[in-house]
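# pasting the sequence and the predicted coordinates here, then a few questions.
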Amino acid sequence: MIGVEGDRAGSGNRAVRRRGRWTANSLVVVINGMLAGIGGVFMVTTSVPVTVVAATAAVLLGGVIVSTHR
């Protein structure tokens, strides 16, 4: 049959994403990973200063991940 695959005009254009763009889901995954890591450090160490250092490292690492993915 002719035209079976392309019946809907423009349907393929919507699925095309530009590389380097962060979706909301991707950012939520990065932020949740940071929060889980920080919470895990606090649960293991129960030390506020160590948790602050881990939080700082997590924010820096998250920033590097987001900035290098552009």
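Received it, and whenever you're ready, just let me know what you need. Residues are numbered from 1 along each chain as shown.

# in stretch 33-44, what's buried?
Neighbour-count burial for stretch 33-44 flags 34, 37-38, 41-42 (criterion: 16 or more other CB atoms under 10 Å). To be clear about C-beta, it is placed using only N, CA and C from the backbone, and glycine gets the same treatment.

# ugh, wrong one, I meant stretch 55-63
Neighbour-count burial for stretch 55-63 [16+ other CB under 10 Å]: 55, 58, 62.

# tabulate the residues you listed (JSON lines), appending pLDDT, distance to Asn25 and secondary structure.
Converted to JSON lines, these look like this (pLDDT from 0 to 100; distance: CB to CB, whole Å; DSSP: H, G, I helix; E, B strand; the rest coil):
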{"residue": "Ala55", "pLDDT": "94", "distance to Asn25": "23", "secondary structure": "helix"}
{"residue": "Ala58", "pLDDT": "92", "distance to Asn25": "19", "secondary structure": "helix"}
{"residue": "Gly62", "pLDDT": "88", "distance to Asn25": "15", "secondary structure": "helix"}
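
# list just the nearest of those to Val29.
Closest approach to Val29 among the buried residues of stretch 55-63 (CB to CB): Gly62, at 10.6 Å.

# quick one: the strands in this protein, in order.
For the chain, strands defined by DSSP state E do not occur.

# hey, where'd the helices end up in it?
Ranges of helices in the chain, per DSSP state H, are 24-45, 48-68.
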